[in-house]
Structures are given as structure tokens and as C-alpha cells.
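> Predicted structure and sequence below. I'll ask about it afterward.
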Amino acid sequence: MALVATIINIFLWSRWTYSASRVFFVRNSYNSFLQISAFLFPFYSASFAISGFQVSFYKIMPIFLFLSFMLSKEKLNPKVFIISTYFILITGISYFYAYSSGFFDEVIALGRNEKSAYLAPLIQGTLFLFAILQFWFVRKNDQIDHIKILSCYIYGCLLLVIIGYIQILAYATNLPWFDYWFLHDALGRGEEESLASLANDRGLYRMSSLSGEPRHFAALLALSLMLKQYVQDANRDLKYITGKNSIFTSIFIFSGFLLTISSSGLLSIMIGFGTFLFFTRTRRFVLYSFLSFLILLLFSEYTLIGNLLWKLSSIDMVLYAVKKDAFALYAITNDWLHFFIGYGTNLADLYVKEYYLVQDSPFGGVRNRYLTETNPMEAIIAPTSAILQVLINGGLIGFFLVFMLIFGDIRHCRKKTIFLMISILAMSLSASTLIFPLSVIFFAIIASYEKEYR
């Protein structure tokens with residue numbers, strides 16, 4: 001299976017690289033590249049490793065969009081400089097203070113590699129900043145078929161659900177399947193636990209297809225169901241997505257979503273569709289809220305649903321289940337200074353690492369990672385929620401700066417479109433970090449189209 005994994009990996013990257021290179025040498029190839037990229041975005045784990053280096057399409061997409069934009073004749077939006085200046089300034093000051101105060105030495109003593117300790121915040125911070133700024137890196141002068149691009153993403157998710165059912169069949173019949181990050185020793189990397197054992201979490205097989213962990217797959221499918229709401233309003237004939245049979249596509253994708261058995265995914269889709277209905281259909285929102293409450297009340301004791309919902313039973317349980325997000329909430333509210341200006345990109349764990357190392361348990365007692373883990377600070381402690389990442393990195397000022405400047409470029413969109421964007425952002429409060437950079441790209445494409453043709 002490792003050989004099959006390697007072949008798929010090489011094929012996907014070859015196809016994407018070929019399409020990307022054409023943008024620089026072939027006229028009118030930008031739209032085609034965006035369609036190919038949108039289709040491949042959901043294949044997260046299938047594109048995760050190149051010679052042992054962890055990378056995926058969505059991570060390098062902002063950098064490519066930037067290079068493509070700079071080689072075009074378009075002018076860079078001044079908002080890019082405003083946001084960049086703010087986050088670079090905060091990060092520079094925070095980094096210097098942490099270095100002079102010996103905070104780096106403390107995390108190195110707790111297991112973090114010395115080189116990683118000093119460089120990782122800068123590298124991760126750059127990726128974080130580009131994920132936001134890519135909203136202004138999508139070229140406006142090229143003819144972009146925004147509906148076709150969004151539909152390609154949905155088709156990609158549809159294919160992954162089909163593969164996901166093959167995955168479930170493989171688990172059930174004890175056939176070999178790809179390892180946790182899809183590649184097992186094919187490129188010299190491996191995991192102690194296989195995806196088969198992790199997928200059988202709590203006695204239930206969980207679908208992840210070729211999208212990494214089940215929670216990642218759930219987030220990607222949730223985003224596809226939200227984007228499908230927009231595509232269906234476009235009055236375009238798209239096979240399986242629009243028309244009278246499109247409901248079966250939604251049901252099929254949603255079935256894959258349920259089989260991920262992801263609590264964070266369930267919470268995100270409840271927030272996303274609940275927010276959208278609140279803005280667009282008040283009566284349906286009331287019915288939706290009542291039915292959601294009724295399901296939680298009547299079926300929470302059943303094994304399958306109980307396994308899915310136990311993390312959502314209380315605020316303490318939610319914080320316990322998402323330890324890095326809990327750390328972010330405590331760090332943000334630690335003091336007024338960092339509440340307003342943040343800690344700089346990926347530097348919070350240097351300042352208030354105790355919020356992660358020592359955490360209360362809803363089952364009683366305290367989890368002390370000083371005692372239970374050999375290298376408790378081996379990796380950067382960053383929240384999975386993109387919204388919390390913006391807050392912890394740039395504080396309340398950075399949060400309003402980013403989203404007010406983005407809103408300035410989407411306010412011309414239809415009200416329903418704006419409500420959909422707000423709903424997707426609300427989803428990112430609990431969903432995997434994956435959907436935020438993808439959403440920003442899709443927002444830019446939609447906003448560019450609606451500004452031109454409205």
C-alpha cells in the first residue's frame with residue numbers, strides 16, 4: 001500500500017505543479033489552475049509529505065498566489081501593508097522580549113528542539129500571515145469562473161466520500177489501508193499507530209478518506225455543504241450539484257460527514273447552518289434549534305450518538321476536548337495588554353505555557369504535563385480554531401483590523417452571500433484550521449466576481 005500511496009502522491013503533485021507552471025507561461029490559464037487547486041484542496045493527507053517535509057496544497061497556495069500576483073500588472077492593495085506591518089511589529093517586539101527574558105531556553109529545557117524553538121514561530125507566523133493576506137492575492141484582471149471553481153471543490157469532496165466508503169470496507173474486512181498521514185515508510189516516515197487503530201476510536205470505525213484525521217475530513221465536508229448553498233443559487237446546470245437530484249449529493253456528503261464521528265465537525269456544522277438560517281430564514285432557525293435540542297435530549301444516551309456528543313455536554317467538556325483552544329482562551333484573557341495586542345505570531349506558549357502544561361479535568365483532578373510527558377513543549381502550542389489564532393496572535397486590535405479590512409472588500413456582495421461568509425467564519429470557531437485558509441481563497445474569488453458583475 002505504501003507504493004500505491006507514493007504513486008498517488010506523485011500524481012497529485014505532478015498535476016498541480018504542471019497546472020501552476022502554466023500560469024506563468026500560458027495566457028488564460030489562471031482559471032484552470034484555480035479549478036485544479038480547488039479540486040485537490042480536500043486531498044489533505046494525500047499531499048502531506050514530500051521527502052519527509054510536511055506540506056500540502058492549501059499551505060503553499062498563498063505563497064503561489066502572491067508570486068503570481070506580483071508578476072501580474074495589478075497593484076498590491078494597501079491593506080496588505082497595513083496588516084503586515086501590525087503583525088510584524090507585534091511579533092518583532094514580542095520575540096525580542098521573549099529572547100531577552102530567557103523564555104526560549106525554558107521551552108527548550110521542556111523538550112523543544114533548539115533550532116525549532118527559534119525558527120518555528122517565524123515560519124509558522126509567515127504561513128499564518130499569508131493565509132490572511134491571500135484574500136488580496138487573487139488576481140482580479142483574469143476571467144475567473146467562480147462557480148466552476150467552487151463546484152470543483154465540491155466534486156473533490158464527493159470523490160473523497162466515495163473513497164471513504166472503500167476505506168470503511170477495508171477496515172471492516174481487515175484489508176491494509178494507508179497509515180495515519182497517508183504515507184507509511186514510503187518516504188522514510190512512519191507513525192507508531194496506524195490509522196486503522198486510530199479510526200477504530202471508541203469501538204467505531206471513523207471515515208477520514210485521504211484527508212488526514214477524521215476531524216479534518218469533517219471540516220472539509222462541512223465547508224463543501226456550505227459552499228453548495230451558494231452554488232445552487234447561481235442558476236447554473238452542474239451535474240450532481242444543482243437540479244432536482246442535488247439533494248441526494250448533499251445526503252451522500254453528509255453521510256460521510258457523520259461517519260467521521262467528529263465532535264468538532266458536528267459543532268462546526270451546527271454553528272454554520274444555524275448562523276446562516278438565523279440571518280436568512282428565522283422560522284427555519286427556530287425549528288432547527290428545537291430539533292437540535294430534541295435530538296440531543298432524546299438520543300444522547302445511545303452509544304453512537306453518545307460517543308459523538310459527550311465532548312459537547314458542557315463548557316468544561318468542550319475545553320477539555322480541545323486543549324490547545326482552551327490554552328488560547330486562557331492566554332488571551334491572561335492580562336489586558338495581550339488581550340488587546342496579542343502575543344505575536346505563535347509566541348503565546350513562551351509567555352504563558354502553564355495554561356497548557358497544567359489543566360483542570362472535568363473528571364476531577366488536574367492534568368500535569370510536567371509529570372506525565374517527557375517532552376511536553378516539543379511542539380508549538382497553537383489553537384486549532386483560526387479565529388482564536390487571530391486573537392492570540394494579534395489581540396482584539398488585530399482581530400478587528402483583519403476582519404474590518406476584509407469586510408471593506410465584501411460589503412458590495414449580496415446580503416445572502418455576506419451572511420454565508422459570516423456563517424463559514426463562525427464554523428471555524430470549532431472546526432479544523434484547514435477550512436480558514438480555504439475559505440479566504442473562496443471568499444476572494446466570490447467577492448471579485450460579485451463586484452465585477454453585480
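In hand now; what should we look at? All of these numbers come straight from a predicted model, not from anything done at the bench.
> all contacts plus neighbour counts: C-alpha atoms, from now on.
Noted.
> pLDDT below threshold where in the stretch 1-150 of the chain?
Residues of the stretch 1-150 of the chain that meet the criterion pLDDT under 70 lie in 1-3, 48-54, 141-142.
> which regions of the stretch 301-450 of the chain lie under the pLDDT threshold?
In the stretch 301-450 of the chain (pLDDT under 70), the answer is 301-321, 362-365.
> All the helices of it, residue numbers only.
303-309, 315-321, 323-332, 336-341, 348-351, 354-357, 369-372, 386-410, 415-427, 435-453 (DSSP state H, counting those that start in this stretch).
> Next, format those as CSV and append distance to Leu40.
Listed next are those as CSV, based on distance: least, CA to CA, whole Å:
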stretch, distance to Leu40
helix 303-309, 28
helix 315-321, 30
helix 323-332, 28
helix 336-341, 36
helix 348-351, 33
helix 354-357, 34
helix 369-372, 38
helix 386-410, 21
helix 415-427, 20
helix 435-453, 11
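> now these in JSON lines, with distance to Ala38 and mean neighbour count?
Formatted as JSON lines, the helices of the stretch 301-450 of the chain follow (distance: least, CA to CA, whole Å; neighbours: other CA atoms under 10 Å):
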{"stretch": "helix 303-309", "distance to Ala38": "29", "mean neighbour count": "16"}
{"stretch": "helix 315-321", "distance to Ala38": "31", "mean neighbour count": "16"}
{"stretch": "helix 323-332", "distance to Ala38": "28", "mean neighbour count": "22"}
{"stretch": "helix 336-341", "distance to Ala38": "34", "mean neighbour count": "17"}
{"stretch": "helix 348-351", "distance to Ala38": "33", "mean neighbour count": "22"}
{"stretch": "helix 354-357", "distance to Ala38": "35", "mean neighbour count": "19"}
{"stretch": "helix 369-372", "distance to Ala38": "40", "mean neighbour count": "13"}
{"stretch": "helix 386-410", "distance to Ala38": "20", "mean neighbour count": "20"}
{"stretch": "helix 415-427", "distance to Ala38": "17", "mean neighbour count": "21"}
{"stretch": "helix 435-453", "distance to Ala38": "9", "mean neighbour count": "20"}
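> Of all the ones you listed, which one comes closest to Ile60?
Minimum separation from Ile60 across the helices of the stretch 301-450 of the chain (CA to CA) falls at helix 435-453, 10.6 Å.
> The closest one - contacts with which helices or strands?
With contacts defined as 3 or more CA pairs under 8 Å, 6 or more residues apart in numbering; DSSP states H and E, helix 435-453 has these neighbours: helix 114-133, helix 146-172, helix 214-232, helix 386-410, helix 415-427.
> Tell me which of those helices lies nearest to Ile82.
Closest approach to Ile82 among the helices and strands packed on helix 435-453 is made by helix 386-410 (8.7 Å; CA to CA).
> ok, which stretches of the stretch 1-150 of the chain are helices?
Listed in chain order, the helices of the stretch 1-150 of the chain (DSSP H, counting those that start in this stretch) span 2-25, 30-40, 57-71, 78-100, 103-109, 114-133, 146-172.
> mind checking which of those is nearest Ala379?
Here helix 114-133 is closest among those (CA to CA), at 8.5 Å.
> All set now, cheers.
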